[in-house]
Structures are given as structure tokens and as C-alpha cells.
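[1] Sharing a sequence plus its predicted fold:
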Amino acid sequence: VQLQASGGGLVQPGGSLRLSCVSSELTLENNVMGWFRQAPGKEREGVACIFVNNGTHYADSVKGRFTIDRNKAKNTVYLQMDSLKPEDTAVYYCATVTKIIGSYWSFGTWGQGTLVTVSS
């Protein structure tokens, strides 16, 4: 299963980016979809999740700044990232989410990520 993330780039602190995730094989609306990130030397961190009923869940580190949503017609999931901070710098991956227990997130399938760099 291919999941392709795009939309990363270099942005100044306080700026915004919108990431997109598409799949040619998976119907995203039928799955719990999420985004996780991984910075160099750090553990993977789940940041946002959207459930089949369109409910959402966010990590405390991004709550109030990031928004996950989906466009069913385009089979696309988005991550709107506002008020970006240098600590948000990481490679961001789109994935199917299999479990969330507290701060522990597990993922089923993911593809190539997209690099987000927040720097002045």
C-alpha cells in the first residue's frame, strides 16, 4: 500500500505549511489516518489522527496549532500546520493508525515522508 506525503519545505518560525497525503491503492476515508514525525536522533512521535467518523486527536505538543482533515472526493488527508516552531522540524509521514494509548501511537502502513524545516 502506497501512501505519499507532500508539502514540506522550509518555513520561518510562526509560519504555516499544509501537508497532503494521497494513496492510489487505499481508500483513506475507510481508515483511521494520522501523521507522525521523526526528527534526527529522536523517537517517532504521533502528532494528529482522524477517525473514520471524522473525529480528531492530537498530541499535546501540537494541539491548537495543527489541524488534520480529509477530502473524500480527492482521497486525500491533510495536515495544516500553523504557528510553527523550530522544534517542529522533522520528516513527517502519513500513516494508517492502529492504536493510540495515551502518548503511545502505533501505525500500520506509511510511505515516504516529507521534510519540514522551521528555521529563520
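    Received it, and whenever you're ready, just let me know what you need.

[2] worst-scoring helix or strand of this structure, pLDDT-wise?
    strand 104-110 (a mean of 93; mean pLDDT, DSSP states H and E).

[3] List of residues touching that strand?
    1, 3, 26, 34, 36, 45-46, 49, 93-100 (C-beta atoms under 8 Å, 6 or more residues apart in numbering). For every residue, glycine as well, the C-beta is placed using N, CA and C.

[4] Please apply the same query to stretch 63-78.
    For stretch 63-78, using C-beta under 8 Å, 6+ apart, the contacting residues are 18-23, 27-29, 33-35, 47-50, 54, 56, 58, 79-84, 94.

[5] End to end on that stretch, go ahead and measure it.
    One end of stretch 63-78 to the other measures 15 Å (C-alpha to C-alpha, to the nearest Å).

[6] got the buried residues for it?
    R65, F66, T67, I68, R70, T76, V77, Y78 (16 or more other C-beta atoms under 10 Å).

[7] what do you get for stretch 89-99?
    Applying 16+ other C-beta under 10 Å to stretch 89-99 flags T89, A90, V91, Y92, Y93, C94, A95, T96, V97 as buried.

[8] likewise stretch 103-120?
    W105, F107, T109, W110, G111, G113, T114, V116, V118.

[9] need the contact list for the closest residue to the fifth one other than its chain neighbours.
    Spatial nearest neighbour of G111, excluding adjacent residues (C-beta to C-beta, 6 or more residues apart in numbering): L3 at 3.8 Å. Contacts for L3 were tallied using C-beta under 8 Å, 6+ apart; they are C21, V22, S23, L26, Y93, C94, A95, T96, T109, W110, G111.

[10] What about the residues you listed, which are in strands?
    C21, V22, Y93, C94, A95, T96, T109, W110 (DSSP state E).
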